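[1] here are the coordinates; sequence isn't available:
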């Protein structure tokens with residue numbers, strides 16, 4: 001693939017010197033992982049984490065926003081060198097890309113939101129963001145669903161009555177809780193969608209970059225930086 005070995009690198013210990021910047025792709029509607037703040041800046045837990053990785057590995061890093069369903073195809077094609085943003089590690093995705101070590105755990109219980117009295121997922125029409133583990137789950141279950149490119153479109157479809165339920169990473173997010181309360185919706189049904197934690201993805205076979213990212217993550221875990229970031233954003 002075009003992205004394998006695309007970066008010329010020289011490694012000394014944990015420090016990697018690159019002649020070219022690396023491009024980081026992310027979707028950013030997911031507080032507290034990644035989101036765009038009032039000033040238009042990508043921020044959040046994974047922004048802080050990746051900035052620290054770039055500093056430790058002496059990488060020049062550029063950020064680019066994309067819809068979630070463009071992230072894995074983008075890293076496979078060479079558009080991005082690294083993708084992240086609440087990226088759950090699953091066996092299906094491991095076939096397509098290589099993941100770093102996991103740096104954040106997830107709750108496998110995921111919730112459907114909708115108006116009170118909405119039918120169960122097995123019979124409802126469900127809105128979901130394309131490219132997510134939630135879409136993959138609905139497909140495995142054989143449920144009826146409509147996939148939308150962005151979470152905003154999923155929620156707009158639910159509000160307009162175009163779908164009866166919406167499935168996504170909704171349970172612990174204040175922005176979704178506010179959305180649900182303001183529109184008279186509710187957390188109606190839950191199902192288990194397990195994964196192997198949250199990680200960064202690189203093109204399959206790009207071992208130099210993968211090793212560099214893992215080396216920085218190892219150092220951040222040893223010196224307490226990862227724990228400090230967890231406390232800042234999730235406690």
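    Thanks, I have the structure now. Here the structure is a predicted model, which is why all the values come from computation and not from measurement.
[2] Show me what counts as buried in stretch 136-146.
    136-138, 143, 145 (16 or more other CB atoms under 10 Å). C-beta: built from backbone N, CA, C; applies to glycine.
[3] Equivalent analysis for stretch 155-169, please.
    Buried residues in stretch 155-169, counted by 16+ other CB under 10 Å: 155, 157-158, 163-169.
[4] show me what contacts residue 87?
    71, 93, 99, 198-201 (CB atoms under 8 Å, 6 or more residues apart in numbering).
[5] which one of those residues is nearest residue 60?
    Minimum distance to residue 60 across the contacts of residue 87 is 16.6 Å, recorded for residue 200 (CB to CB).
[6] before we move on, the earlier item: please produce a markdown table containing the buried residues of stretch 155-169, extended by secondary structure.
    Shown next, in a markdown table, are these (DSSP: H, G, I helix; E, B strand; the rest coil):
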| residue | secondary structure |
| --- | --- |
| 155 | helix |
| 157 | helix |
| 158 | helix |
| 163 | coil |
| 164 | coil |
| 165 | strand |
| 166 | strand |
| 167 | strand |
| 168 | strand |
| 169 | coil |
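[7] Which two of the residues you listed have the greatest separation?
    Using CB to CB, the pair of the buried residues of stretch 155-169 lying farthest apart is 164 and 169, separated by 19.2 Å.
[8] quick revisit: possible to save the buried residues of stretch 136-146 as CSV with distance to residue 207, pLDDT and secondary structure?
    Output for those, formatted as CSV (distance: CB to CB, whole Å; pLDDT from 0 to 100; DSSP: H, G, I helix; E, B strand; the rest coil):
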residue, distance to residue 207, pLDDT, secondary structure
136, 26, 97, helix
137, 31, 98, helix
138, 34, 98, helix
143, 38, 98, coil
145, 36, 98, strand
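[9] Which one of those is nearest to residue 192?
    For the buried residues of stretch 136-146, the closest approach to residue 192 (CB to CB) belongs to residue 137, at 9.2 Å.
[10] is it true that that closest one touches residue 195?
    No - using CB atoms under 8 Å, residue 137 is not in contact with residue 195; the gap is 10.2 Å.
[11] low-confidence ranges in this structure?
    1-19 (pLDDT under 70).
[12] again, only this time at 90
    Along the chain, segments meeting pLDDT under 90 span 1-20, 28-32, 106, 171-174, 234-235.
[13] pull the longest helix from it.
    helix 207-222 (DSSP state H).
[14] could you say what helices and strands that one packs with?
    strand 9-12, helix 45-56, strand 201-203, helix 225-234 (3 or more CB pairs under 8 Å, 6 or more residues apart in numbering; DSSP states H and E).
[15] okay, the ones you listed, which one's buried deepest?
    Mean neighbour counts were taken over the helices and strands packed on helix 207-222 using mean count of other CB atoms under 10 Å, and the top value, a mean of 26, falls to strand 201-203.
[16] how far is that strand from where the chain is centred?
    13 Å (CA atoms, centre = their mean, to the nearest Å).
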